[in-house]
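Undergrad: give me the fold of what follows.
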Amino acid sequence: ASSVAAFRVSANGHLSAERSIEVGRHPSAMVPSADGGRLFVASASMDRVSVVDTRANRVLRWLLDPPPGGVAGGRPPNPLALSADGTHLFVAEADANAVAVFALSAEAAGRASGAEADSLVGRIPVEWDPTAVGTRGDSLWVVSGKGRGSGPHPNGPHPTRPLAHTIPLRSTLGHLSTTA
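TA: Numbering: from 1, shown residues only. Take a look at the predicted model:
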């Protein structure tokens, strides 16, 4: 599929398709602005994020997220998050173990003010395979799906031990640690 669809609850309580917006090949994640006027949609196989005007039902522009050196297809954008003020977009790049930071123009952000132009302002190195991002206040939270890097997994899985003995009991999210 290359589109996002909007649905409404009809009078009989069923969902009905309202509209579809073409956003490009392989849409893989999306995040709406706080007021719902914008929708940011990652296209993982295209190294870009579509900025959708949900009121006009159209793509306003694309934020390009290419790897350094200009080779296409190297940093598939996936999870997305917006800053609390809606002026920055954070894009997890699983293949690069980084989070790209975009400054958004007023038009892209759907706000009265913003950056002079949309721009990729930098990348934040993170742990291996960022699979989710979120914001709260001025903090950015990143979930790393594979931990702190490549190498042997000392706790499993092992073919000679039952699976119950290989499930990790500790997880880390941002600055918080939990133990089961």
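Undergrad: which residues of this structure score low on pLDDT?
TA: For the chain, applying pLDDT under 70 flags the ranges 1, 68-75, 148-180.
Undergrad: all strands for it, in order.
TA: 3-9, 15-22, 27-32, 38-43, 48-53, 58-64, 77-82, 88-93, 98-103, 119-125, 130-136, 139-144, 170-173, 176-179 (DSSP state E).
Undergrad: turn the ones you listed into a markdown table, columns for distance to residue 112.
TA: For glycine as for every other residue, the C-beta is placed from the backbone atoms N, C-alpha and C. Listed next are those as a markdown table, based on distance: least, C-beta to C-beta, whole Å:
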| stretch | distance to residue 112 |
| --- | --- |
| strand 3-9 | 25 |
| strand 15-22 | 24 |
| strand 27-32 | 18 |
| strand 38-43 | 14 |
| strand 48-53 | 16 |
| strand 58-64 | 16 |
| strand 77-82 | 16 |
| strand 88-93 | 16 |
| strand 98-103 | 16 |
| strand 119-125 | 19 |
| strand 130-136 | 21 |
| strand 139-144 | 24 |
| strand 170-173 | 34 |
| strand 176-179 | 35 |
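Undergrad: got those strands as TSV, with mean neighbour count columns?
TA: Shown next, in TSV, are the strands of the chain (neighbours: other C-beta atoms under 10 Å):
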stretch	mean neighbour count
strand 3-9	12
strand 15-22	12
strand 27-32	18
strand 38-43	24
strand 48-53	24
strand 58-64	16
strand 77-82	23
strand 88-93	25
strand 98-103	21
strand 119-125	13
strand 130-136	17
strand 139-144	17
strand 170-173	12
strand 176-179	8
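Undergrad: out of the ones you listed, which is closest to residue 111?
TA: If you check each of those against residue 111 by C-beta to C-beta, strand 38-43 wins as the nearest, at 9.1 Å.
Undergrad: and the closest one, what other elements does it pack with?
TA: Under the contact criterion of 3 or more C-beta pairs under 8 Å, 6 or more residues apart in numbering; DSSP states H and E, strand 38-43 touches strand 27-32, strand 48-53, strand 77-82.
Undergrad: nearest spatial neighbour of residue 144, skipping sequence neighbours?
TA: residue 127 (3.6 Å; C-beta to C-beta, 6 or more residues apart in numbering).
Undergrad: got the helices and strands packed on strand 38-43 as CSV, with distance to residue 14 columns?
TA: Shown next, in CSV, are the helices and strands packed on strand 38-43 (distance: least, C-beta to C-beta, whole Å):
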stretch, distance to residue 14
strand 27-32, 23
strand 48-53, 25
strand 77-82, 29
